[in-house]
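Colleague: Below is the structure, and that's it, no one-letter string:
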């Protein structure tokens, strides 16, 4: 199979894929914040959580659910800022994955990635990498 990428482009494609995969795994894992509540270990990420409290109406008390799961709905995510973080981080991961998969296809298909397409892909990749980092820096 012919490639439309130089050696540097092939290295960029594989590193892009590894970074996109790591970003997506980090986005989906519920281990962003760790702590304890009601003497149980808890953790949560943007849209998943482990060991979380729920109100048991039959016993009129709060109990810990010791399992991992997603929030019941988008509105169940604790705050507007956390919902924005979920959307922005998910968008960034999607852009990174799009560029990485396109670059990997460029390793196998000749004439797929030109100099202009590479520059545009680099710009998209920059934006995709900036999305998850931007909200922590006041952007």
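Modeller: Sure, I can see it. Note that the structure is a prediction, hence the values are computed from the model and not measured.

Colleague: Quick check: nearest residue in space to residue 10, chain neighbours excluded?
Modeller: For residue 10, ignoring the flanking residues on the chain, the nearest one in space by CB to CB, 6 or more residues apart in numbering is residue 107 at 5.6 Å. (Glycine included, C-beta is placed from N, CA and C.)

Colleague: do the same with residue 128
Modeller: In space, and not counting its chain neighbours, residue 128 is closest to residue 95: 3.1 Å by CB to CB, 6+ apart.

Colleague: picking up where we left off before, verify the stated contact: the residue nearest to residue 10 with residue 7.
Modeller: No - contact criterion CB atoms under 8 Å: residue 107 and residue 7 do not qualify, at 10.9 Å.

Colleague: longest single helix anywhere in this structure?
Modeller: In the chain, taking DSSP state H as the definition, the longest helix is helix 80-108.

Colleague: if you average pLDDT over that helix, what comes out?
Modeller: When pLDDT is averaged over helix 80-108, the result is 87.

Colleague: any idea how far stretch 45-59 is from the chain center?
Modeller: How far stretch 45-59 lies from its chain's middle: 22 Å, per CA atoms, centre = their mean, to the nearest Å.

Colleague: Check stretch 20-30 too.
Modeller: Put simply, stretch 20-30 sits 5 Å off its chain's centre (CA atoms, centre = their mean).

Colleague: What residues sit buried inside that stretch?
Modeller: Applying a neighbour-count criterion of 16 or more other CB atoms under 10 Å, the buried positions in stretch 20-30 are 20, 23, 24, 27, 30.

Colleague: pLDDT check: weakest of those?
Modeller: residue 30 (79).

Colleague: that's a helix at it, yeah?
Modeller: No - according to DSSP: H, G, I helix; E, B strand; the rest coil, residue 30 belongs to no helix; its state is coil.

Colleague: which residue sits closest to it, ignoring its sequence neighbours?
Modeller: That would be residue 48: by CB to CB, 6+ apart, it lies 3.6 Å from residue 30.

Colleague: Understood, closing this out.
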